[in-house]
Each structure stands twice: as C-alpha cells, then as structure tokens.
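Undergrad: Show me how the following folds:
(chains A and B)
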Amino acid sequence: MATNLLARLNLPGFESESKKVKHYGVVANFDTPEDLLRAVRTARAAGFSKMEAYTPFPIHGIDEALGAPRSPLGKIVICCGLTGLASAILLQWWTGAVDYPLSVAGKPLFALEPSVPIMFELSVLLSAFGTVLGMFHLNRLPTYYHAFFNYSKAEGASNDRFLLAVEVEDPKFNAEEVKTFLDSCGSRHTELVEA
Amino acid sequence: MADLALDPRMELNPPLITSGATYAEVNQQISVITETAPPKQWYWVFFGVALPLLGLLGVCLTYLAFTGIGVWGNNVPVGWGWDITNFVWWIGIGHAGTLISAILFLFRQKWRTSINRAAEAMTLFAVACAAIYPIFHTGRPWRAAYWLLPMPNELLHMWQNFRSPLMWDVFAVSTYATVSALFWFVGLIPDLATLRDRAQHPVRKTIFGILSLGWRGSATQWRHYELAYLILAGLSTPLVLSVHSIVSFDFATSVLPGWHTTIFPPYFVAGAVFSGFAMVITLMTLARYIYGLENLITIKHLENMCKVILATGTIVGFAYATEFFIAWYSANQYERFIFMNRAFGPYGWAYWTMISCNVIAPQFFWFKKLRTSIPVMFVLSIFINIGMWFERFVIIATSLHRDFLPSSWGYFRPTWVDIGTFAGTFGLFLTLFLLFLRFLPAIAISEVKGVLHHQINTHAAPAGKGGAH
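TA: Next up, the predicted model:
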C-alpha cells in the first residue's frame, strides 16, 4: 500500500516502478445476468474477494453474491431531513417572532400548527438533496476517468452485456490464472485491462 | 420469442413489452430516437403548434411586464382570475408524473416503467408553466424572488408572513419542482451513460459523457443508486400529496363561502391525479404514434391509466356531491347561496361543462372496449382536461363574483392577454416536451431492461442463452 502511494507521487527514486504498466484487473463478459451471478458465486467460492460487476440494470442477488455491505445512504438522509426540519422551525420563529414581529389578526407570532407545512417541505427538500448528493458521494460521481473504461468492450455494460472484473488488488490475483478461470465460467471475451 | 407476442388478453399477467424482446433491441429502439432526425409529424407539431404558441407567450408576458397586471381581467370582485386557475391546473397536471414515478414504484407496479420517464418530464414542464403565474402576477417578475422567498435584502427590510398559506404554497411548489427535477435526473443517469456509450460524434460523446457523470453501472454504484431511488420515491409520495393539499389551503383557510371547506385537500389531490393522468394519455398516445413505441407503451399501460382516471374521476364526482350536501346540511345561508349560484347562476354553463367532462366522461371507461380504444381515450382525456380547468375556474370565479354585498357583484371576463398567456403556456409545455422526446431517452431504458429480465424469466427462457436456472 505504502509503495503504491509513493509510486503515484512520481518521486525520482520510484521511477522504474511508476513506468511499469499498471493493470486494473481482468474483465470477463457474460451473456445473461444468470451467467454473471453464477460466475460471481464460483469466483467467491474460489477465494476471490476484490471483484466488481458491471451491468446495464441492477441485478438482484448480486450484492449478496459479491458480499457487499448495505448502503449507508439512509443515515445521511435522516441527518439532512432533521436539519431541514430544524431550519424550518428556526426560520419561521426567528423571522416571524424575533426579527420582524407582525401581528396579524391577533394570532400568536409563532405557533407550531401553521409552521407544519413549511417544516414538512424543508425536511423533504433537504432529505432529497441529501439523497442525491449522498448517492453521488458514495458512488464518487462525477468521476470522468476510471480504469474500467479501458476495457475494449466497456460500452456493453450499458447495453446488453454483463461484465465481471477481478481487480489487481485481489490477494489471489494472477492475470493468467484469473483469465483461465473466468473463461471456464463461460466468459465470451476475457481481457487484462490496463489502469 | 413467439410466445411473447401472445394475445395479452389470453394471460392473467400479460407481458408488458410485446416485441423487441432482447436487451439490445430495447436499447436500440429507445436510443435511436435521440440519434436520428425526428419523423415528419414531429416538425408539424413543433413548428405548426408549439413554436407559434411559445411566441405568443413571449408577447403576452412582455406586454404584461411593461404595462402591469391590469392587462389581465382580474378586478373587484374577482381578484383571482385565470392566473390562479391556470396555476392550479398546471400544478395538478404534474401530479400524475410523480404518482407514476414514486407511488407506483413503491407499490411495485412494473407497468410504470414504460411511462415514468415521460410522465416525470411532463411534471417538470407543467410545473414550469405553473410557475409563470405566481412570478408574473407580482407585476415585477424581476423582483418576485424578494417577495416570494425569505431572502435577506435591503429592498424591503421585512420578512414574509409564514402564517399565510400563500407562503406555504411557495415552499410546497418550489420543493416539488426541485425534488421532481432531482428524481428525474437521477433516473436519467444510467440512460445518459447508455447514450454516451453509443455516441459516435465526439461532441455528442462529450455532452453525454459530462451529463452521465461517468456512470459505470458497477454493482457498487447500482447498490447506492437503487437505495437513493427508493428513498426519493418515498420522499416524493408524501410530497406530491402535500403539494395539492397546500394549494387547496390557499382557498380553504380563507373565510369565503365555497372555499372554506375541509374537503378541499383530498378533493384537490384526487382531481390533480385525475387531470394529470388524462394529460399523460394525451401525450403518450401522441408520442407512441409519432415514434412507433407501440410495443413498449402497450394498450395494457394505457388501459391501466384509464382505470386510474375512472377511479379518481369518480372520487372527484363524489366530492362535488359532498360539497352540495354539506352546503345544504350546514344550514348556512351564504354557503347555500354560493352553491345554488354555482350551478344555476351566471356561471352555470361553466359548472355543467365541468360536471359533464369530469363526472360523466370518465364513466365510459367502465367498458373494456372503450378503455382499450386509442381514439376514445384520446378524446376523453382532452375532455377531462377541459373539465378540470373548468373545475378550478368554477371554484375561483363563482365564489368571488357574488360576495356579501350585492352592489359589488360582477362577472369575470378574460382579456386577450389572459387567453394568450394560457394558450402560450401550451406552447412552452409542448416545446419542452417535444425537445425532451427528441434529445433524451423518453423511456427509462435500464428500467425496461429490468422488467424484460423479469419477463424473460417468468414467461419464456431465452433460446440458446442458458437462461434456465
């Protein structure tokens, strides 16, 4: 890990290492989601752990097959929603009862009941921003360069192909072995992809 | 594939996609619309109808901005005229889009996938049309933000009155517009990536590359994405119900007979969904005809929407009856007068137009033959939209034009600017919708593929692809 980071800094002493061709991993190409799922399960059973699937639509059961944890997005959204709620109360109370008290028909300057609609709306508004920006953050969007795009058939992942990448970080990674293994799982086009 | 083309009526759960049943074919069919010149009917609608009306909108709004809102027919006693009628009508139209994208998603109604993208676009454009009215009714649209939004400023040295339902409305509608736009864009990301991957021209590749944010469709990304989509649907569901409820508070919290009723929130929401679905049918029958999408937007989809129209239309009819009953039962003479005047007074013609279009017209959808006929549903959907416009007009004009003092009674007549602005918003709406159909995937590609996957696994195993498991 440490050498990796140093290599990325392009320091003079590490020139030889940084000039070496780096790889993203081996990418396999399947016809159906079922083939992909079977390959993921076989690969997990064979001990591979750093894998990523690329598909044109979400495949149910793939997260369990890949052993991926639950998305923490819900927690982000709750925090944003509560912030929205609090800011709606503060906004209505401070503007109406503190900074610019205006008596209308003898009604109280601030009360909870007439504040409910805006409390609701701001909670929803901030939750929605939290959802979208939180999702962007978790997915690292926008990311305009990713090594996966170096795969010669990467565009299939948004059309009708189901791809599986075994990444170089995998402790069991060995390009030739992984290639043979993925071919045996039924891959139509297996390729070692540069980073 | 032959068994996918079975007569839909032969099966309990007919397939939602009737041909083009491979992922690549779906991909091709939807993407190619955005990549090639549009069919000639498109130019017809665009240059013949949409652009001239858009020009008219520009003329009317410019004239209004330079002259003042006296160019509208609003005056004492009818201080709220076509501006708020059109505002409420357009906002209501938008509700079907959110209902389809959010509520039907939570209910796992797979038939929504073919229509949700276009319906959400319709929501956004309808809200844009609606927003014109509150902004321009201030007379000084360049200063509207100071009056509508709580912005600290040196201009007024004051704050809005948050106890007023008009402020709730500002927050409801702007939140609705923002959340709908976010929801729509999030839904578009995977499809924008599809267009990026298909693009040949470097400019096109760059534009869709930027718009798709570098989406890769990795399992990790889908995991967060699906949860985000679910949460947005969960947020939009109460939001859409709140928007028309709050719009109805503009009326219901006043002390005016005819407006001051507790039935308004649910009745407005049902009416909004009713009119919105009618507009979806109007647009979808046109879009599938222009672009030949009959295999993706099937009769089954349209029939389901007709059923929603029948249900919500009947709720609206029931609400009209309830209002009359309560007016009689309350024994309040002002309330009774308003309702008698509504049906049999000078605006009786508008009231009975509303009843015919909203209560009688949808009843034809009880018959399967009629709700599966494209010409019938197209004509009825237009009647329903006319009826729902009249509903808002009747509620607003009849409650205002004869107030407590007979000497101040009057009759509202729109000016040419009123009519031109309303017609013009159609131009804006159609222009935006046609541009959307032309440049963005009008059907959610990735979602249709998901439905297709489900369909392949339940209806037929794909030949020679090892799909059996």
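
Undergrad: could you give me the average pLDDT of stretch A:58-77?
TA: Regarding stretch A:58-77, the rounded mean pLDDT is 92.

Undergrad: count of residues packed around residue 133?
TA: I went with chain A, as the question did not name one. Neighbour count of A:L133, defined by other CB atoms under 10 Å in any protein chain shown: 15. For the C-beta atoms, the positions are set from N, CA and C on the backbone; glycine is no exception.

Undergrad: looking at chain B here, not the other one
TA: 21.

Undergrad: Kindly report the same for B:W416.
TA: For B:W416, using other CB under 10 Å, the count is 11.

Undergrad: Just the element for residue 188, please.
TA: All of this refers to chain A. Using DSSP states H and E, A:R188 sits in no helix or strand.

Undergrad: my bad, the chain I had in mind was chain B
TA: helix B:165-198.

Undergrad: In terms of secondary structure, what does that helix contact?
TA: When contacts are defined as 3 or more CB pairs under 8 Å, 6 or more residues apart in numbering or on different chains; DSSP states H and E, helix B:165-198 packs onto helix A:116-138, helix B:23-35, helix B:82-98, helix B:116-136, helix B:202-211, helix B:219-252, helix B:445-459.

Undergrad: Please parse chain A into its domains.
TA: For chain A, the structural domains run A:23-71+A:145-194, A:73-138, going by automatic domain parsing.

Undergrad: Out of those, point me to the one whose mean pLDDT is lowest.
TA: domain A:23-71+A:145-194 - the lowest mean pLDDT of the domains of chain A, at a mean of 92.

Undergrad: Put together TSV for the domains of chain A, with distance to B:V170 on each row.
TA: Compiled in TSV, those are given as follows (distance: least, CB to CB, whole Å):
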stretch	distance to B:V170
domain A:23-71+A:145-194	34
domain A:73-138	9
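
Undergrad: Give me the longest strand you can find in chain A.
TA: strand A:23-30 (DSSP state E).

Undergrad: Run the contact check for the helix or strand just after that one versus chain B.
TA: Using DSSP H and E, the helix or strand that follows strand A:23-30 in sequence is helix A:33-45. Yes - judged by CB under 8 Å from any CB of the partner chain, helix A:33-45 and chain B are in contact via A:33-35, A:38.

Undergrad: Can you tell me which of those residues has the most neighbours?
TA: Busiest of those [other CB under 10 Å] is A:P33, holding 26 neighbours.

Undergrad: related to what we said a few turns ago, so the longest strand of chain A versus helix A:33-45, what angle?
TA: Comparing the axes of strand A:23-30 and helix A:33-45 via axes from the mean of the first three to the mean of the last three CA atoms, to 10 degrees yields an angle of 140 degrees.

Undergrad: Other residues contacting strand A:23-30?
TA: Defining contact as CB atoms under 8 Å, 6 or more residues apart in numbering or on different chains, one finds that strand A:23-30 is touched by A:36, A:39, A:50, A:54, A:147-148, A:150-151, A:153, A:156, A:161-168, A:170, A:173, A:175, A:178-179, A:182-183, A:185-195.

Undergrad: Provide the secondary structure category for B:H157.
TA: coil (DSSP: H, G, I helix; E, B strand; the rest coil).

Undergrad: correction: A:A165
TA: Here A:A165 takes the strand state, with states given by three-state DSSP.

Undergrad: Pretty sure A:A147 is one of the things it touches, is it not?
TA: No - with contacts counted by CB atoms under 8 Å, A:A165 stays clear of A:A147, the gap being 9.2 Å.

Undergrad: secondary structure element for the residue lying closest to A:V40 once chain neighbours are set aside?
TA: Nearest residue to A:V40, sequence neighbours excluded (CB to CB, 6 or more residues apart in numbering or on different chains): A:A65, at 4.3 Å. Element membership for A:A65 (DSSP H and E) is helix A:62-66.

Undergrad: Which residues are in contact with the closest residue to chain A within the stretch 251-400 of chain B?
TA: Nearest residue of the stretch 251-400 of chain B to chain A: B:T253, at 9.0 Å (CB to the nearest CB). Applying CB under 8 Å, 6+ apart to B:T253 gives the contacts B:165, B:260.

Undergrad: With B:R371 instead?
TA: B:R371 touches B:303, B:306-307, B:310, B:364-365, B:377, counting by CB under 8 Å, 6+ apart.

Undergrad: Next, give phi and psi for the residue nearest the centre of chain A.
TA: Closest residue to the average C-alpha location of chain A: A:N139 at 2.6 Å, with CA atoms, centre = their mean. Per-residue torsions, A:N139: phi -90, psi 0 (degrees, to the nearest 10).

Undergrad: Give me the local confidence score for the closest residue to it other than its chain neighbours.
TA: Spatial nearest neighbour of A:N139, excluding adjacent residues (CB to CB, 6+ apart): B:Q221 at 4.7 Å. B:Q221 is assigned 95 on the pLDDT scale.

Undergrad: B:W80: what secondary structure?
TA: coil.

Undergrad: show me what contacts it?
TA: B:74, B:396, B:400.

Undergrad: List only buried entries from those residues.
TA: B:74, B:396, B:400 (16 or more other CB atoms under 10 Å in any protein chain shown).

Undergrad: average pLDDT for the strand or helix carrying the second one?
TA: It refers to B:I396. B:I396 is part of helix B:374-401, with elements assigned from DSSP H and E. Across helix B:374-401, pLDDT averages out at 95.

Undergrad: Could you tell me which residues within that helix count as buried?
TA: B:376-378, B:380-401.

Undergrad: hang on, the earlier thing: with just CA atoms, put the longest strand of chain A into CSV.
TA: Output of strand A:23-30 as CSV, limited to C-alpha atoms (Å, rounded to 0.1, in the frame of the first residue of the first chain):
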residue,chain,number,x,y,z
HIS,A,23,-3.4,-3.0,-14.5
TYR,A,24,-7.0,-2.5,-13.4
GLY,A,25,-7.8,-6.2,-13.5
VAL,A,26,-9.2,-8.9,-15.7
VAL,A,27,-12.6,-8.3,-17.1
ALA,A,28,-15.0,-11.1,-18.2
ASN,A,29,-18.0,-10.7,-20.4
PHE,A,30,-21.2,-12.7,-20.0
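
Undergrad: Neighbouring strands - and their directions - for it?
TA: strand A:162-167 (antiparallel), strand A:191-194 (antiparallel) (DSSP bridges).

Undergrad: Please identify the deepest-packed of those.
TA: strand A:162-167 (a mean of 26; mean count of other CB atoms under 10 Å in any protein chain shown).

Undergrad: right, and the helix or strand after that strand?
TA: helix A:175-184.

Undergrad: hmm, that next one touching chain B?
TA: No - remark: helix A:175-184 sits outside contact range of chain B, by CB under 8 Å from any CB, the gap being at least 14.5 Å.

Undergrad: Can you name every helix or strand that that helix contacts?
TA: strand A:23-30, helix A:33-45, strand A:162-167.

Undergrad: ok, residues contacting the second one?
TA: Helix A:33-45 has contacts (CB under 8 Å, 6+ apart) with A:28, A:30, A:51, A:53, A:55, A:59, A:61-62, A:65-67, A:162-164, A:166, A:181-182, A:185-187, B:453, B:466-467, B:469.
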